[in-house]
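K.L.:
Next comes the sequence, and after it the predicted model I'd like to discuss.
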Amino acid sequence: MADLTLRETKGSPLTFEEMDNNLSNLNNAKLELINNLNVASSMDINSDFIAIYDATTGDNRKILANATSFSNRTLVIKVIADGLPTYVGDGIARIVIPSTFDGLRLNTVGGHVYTAAAGSTTNIQVHNQTKGVDMLTTLLTIDAGENDSKDAVAPPVIGTNSLVDEFDVIRFDIDQIGSGTAALGLELRLEFNA
């Protein structure tokens, strides 16, 4: 505890020297590190937690790491350049899973084209080429006349084969393009978590 000279105790205003001593004593007595916490370089997202005090209920609570953005990882992949037409094929683009994604599952997937297709949907599959499995049981679709998959009539469904390991090769397949005019450009958003 810092040794301080108080005006109330002294009964008169503090001198400059007394005030400087108070500030020096506060600085010297400050707590630099909470003694009962160890520093960790990694987090177990299924068991580690952040402790909080809920003032509205007076309860101590915890937030598991896997319920926070700490465990989320997002990839944004430019599959086809903005001005080029989409086309049907397997392996239109590929990406290698980074080590920070090891052991995570595909949680959400979305797609965006820069010029909407006409006539029919643009359908995309995400395929784990290393494991030889499709990751979507219902394809990602971008409806005709739309630029993004967020409002698709048929939302994508992620299958049970969505777990990735570091250095897995993920392939992007286009199974259908607009029947009147193909969409231009394709960008995919893949969010992974535990």
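P.N.:
All right, it came through fine. Here the structure is a predicted model, which is why all the values come from computation and not from measurement. Numbers count the residues shown, from 1 in each chain.
K.L.:
measure A29 to L6 for me?
P.N.:
According to C-beta to C-beta, to the nearest Å, A29 stands 15 Å off from L6. From N, CA and C alone the C-beta is placed, and that goes for glycine too.
K.L.:
go on, T15?
P.N.:
Distance from T15 to L6, by C-beta to C-beta: 13 Å.
K.L.:
Please report how far S47 lies from A194.
P.N.:
11 Å.
K.L.:
what about the two, which has more around it?
P.N.:
A194 (16 against 9; other C-beta atoms under 10 Å).
K.L.:
from memory that one sits against L106, does it?
P.N.:
No - in this structure A194 lies outside contact range of L106 using C-beta atoms under 8 Å: 11.7 Å.
K.L.:
Show me the helices in the chain, by range?
P.N.:
With DSSP state H as the criterion, the chain has helices at 7-10, 16-29.
K.L.:
out of these, nearest to F172?
P.N.:
helix 16-29 (56.9 Å; C-beta to C-beta).
K.L.:
mean confidence score for that closest one?
P.N.:
Mean pLDDT, helix 16-29: 88.
K.L.:
chain center to it, what's the gap?
P.N.:
Chain-centre distance of helix 16-29: 45 Å, with C-alpha atoms, centre = their mean, to the nearest Å.
K.L.:
now do stretch 85-97
P.N.:
Its chain's C-alpha centre and that of stretch 85-97 lie 23 Å apart, by C-alpha atoms, centre = their mean.
K.L.:
Run through who's touching it.
P.N.:
75, 77-80, 113, 117, 122, 127, 129, 164-178, 182-186 (C-beta atoms under 8 Å, 6 or more residues apart in numbering).
K.L.:
ok, now stretch 136-144?
P.N.:
For stretch 136-144, the external contacting residues (C-beta under 8 Å, 6+ apart) are 109-113, 116-126, 148-149, 151-159, 175, 178, 180, 183, 188.
K.L.:
for the residue lying closest to Q125 once chain neighbours are set aside, what are its contacts?
P.N.:
Leaving aside its sequence neighbours, Q125 sits nearest to D173 (C-beta to C-beta, 6 or more residues apart in numbering; 4.3 Å). Residues in contact with D173 (C-beta under 8 Å, 6+ apart) are 89-92, 124-127.
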